[in-house]
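Engineer: After the sequence you'll find the predicted model.
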Amino acid sequence: MKNDVLQFFQNDLSVNINAWSFSVNLTIAAILAYLLSLIYTRFGNSLSNRKNFARNFVLLAITTMLVISIVKSSLALSLGLVGALSIVRFRSAIKEPEELSYVFFAIAIGLGLGAGQRLITILAFILISGIIILQKLMAREDQRSDSMVMNIISGSSQINIDTLIDLLKKHSRTAKLRRIDEEEGKIDASFLVKLADVDSYQQIRNALKEIDSNIEITFLDSQGIY
């Protein structure tokens, strides 16, 4: 029985890998990981140096593919891999969830090609990359809108919420009330407005100043606020 077990592990360690198939998969992994690095550099949201971080994707993908190609048909090597990974500690922290997502994407490329799932890996890469690019383009369309946050503070009795809404609707495409505080004759209101053109700001400012010369008006970029 003991000899049978030893013989099993000895045979299991003899892993035969087709050199041509391995080379093709390794090349595909490098190409897909490189394309992933371009996508991350172009469409990522991270504030860190995306180009430097993206350089790791190719090495990560091909290394993962190498490991999976070796251990996939060997129980002994698989158990050894589990033991090795159990003592690994990563010292460099992933600061943003997006970075972790792209790291998993690169690992998935290596896993798929290492397991010999060439077609599925390529199709999945195309679909996932398409979703990433589409989401980014849609987000940019939203960011291109002229929406701004307008904060108004006034102590004049002539300024009330109805007056503000009517005036903003007259000089902007849309005006949505986000917050209002009224206390002791003072009004503090915030609106999300979509300006009709570049002159709308000055028109709104002049109209409000005609009613209350001491009114405080603040415009802020709406991106990331609402």
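Structural biologist: Ah, there it is.

Engineer: For the residue nearest the centre of the chain, give its distance to residue 197.
Structural biologist: What sits nearest the mean C-alpha location of the chain, by CA atoms, centre = their mean, is residue 98, with 4.6 Å. Per CB to CB, to the nearest Å, residue 98 is found 35 Å from residue 197. Where C-beta positions appear, they are placed from N, C-alpha and C, glycine not excepted.

Engineer: the helices in this structure, which residues?
Structural biologist: Here the chain has its helices, by DSSP state H, at 2-12, 19-43, 50-54, 56-71, 75-85, 97-114, 118-143, 161-171, 200-211.

Engineer: Including distance to residue 149 and mean pLDDT, could those helices go into CSV?
Structural biologist: Formatted as CSV, these follow (distance: least, CB to CB, whole Å; pLDDT from 0 to 100):
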stretch, distance to residue 149, mean pLDDT
helix 2-12, 65, 51
helix 19-43, 26, 93
helix 50-54, 28, 86
helix 56-71, 37, 90
helix 75-85, 48, 55
helix 97-114, 25, 90
helix 118-143, 14, 86
helix 161-171, 12, 84
helix 200-211, 13, 85
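
Engineer: Ok, which of the ones you listed comes nearest residue 155?
Structural biologist: helix 200-211 (11.9 Å; CB to CB).

Engineer: confidence score at residue 185?
Structural biologist: Looking at residue 185, its pLDDT is 77.

Engineer: need the contact list for the spatially closest residue to it that is not a sequence neighbour.
Structural biologist: Excluding the flanking residues, the one nearest residue 185 by CB to CB, 6 or more residues apart in numbering is residue 155, at 6.0 Å. Going by CB atoms under 8 Å, 6 or more residues apart in numbering, residue 155 touches 185-187, 212, 214.

Engineer: From those residues, pick the one nearest residue 21.
Structural biologist: Comparing these against residue 21 with CB to CB picks out residue 187 as the nearest, at 72.8 Å.

Engineer: circling back to that earlier point, and the helices of the chain: which comes nearest residue 179?
Structural biologist: Once the helices of the chain are compared by CB to CB, helix 161-171 is nearest, at 11.2 Å.

Engineer: Report the buried residues of the closest one.
Structural biologist: Within helix 161-171, the residues that count as buried by 16 or more other CB atoms under 10 Å are 163-164, 167-168, 171.

Engineer: Now render those residues as JSON lines, adding distance to residue 25.
Structural biologist: Listed next are the buried residues of helix 161-171 as JSON lines, based on distance: CB to CB, whole Å:
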{"residue": "163", "distance to residue 25": "69"}
{"residue": "164", "distance to residue 25": "64"}
{"residue": "167", "distance to residue 25": "65"}
{"residue": "168", "distance to residue 25": "60"}
{"residue": "171", "distance to residue 25": "61"}
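
Engineer: what's the closest of those to residue 114?
Structural biologist: Nearest to residue 114 among the buried residues of helix 161-171 is residue 168, at 58.9 Å by CB to CB.

Engineer: what is the closest residue to the closest one other than its chain neighbours paired to in the beta sheet?
Structural biologist: Counting by CB to CB, 6+ apart, the nearest residue to residue 168 once its immediate chain neighbours are dropped is residue 175, at 3.7 Å. Beta bridges link residue 175 to residue 193 when assigned by DSSP bridges.

Engineer: Let me see the contact set for residue 175.
Structural biologist: If you count contacts by CB under 8 Å, 6+ apart, residue 175 has them with 165, 168-169, 191-194.

Engineer: Same list (the residues you listed) but as CSV, adding distance to residue 20.
Structural biologist: CSV is the format used below for the contacts of residue 175 (distance: CB to CB, whole Å):
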residue, distance to residue 20
165, 71
168, 69
169, 69
191, 65
192, 60
193, 63
194, 59
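
Engineer: This completes my enquiry, with thanks.
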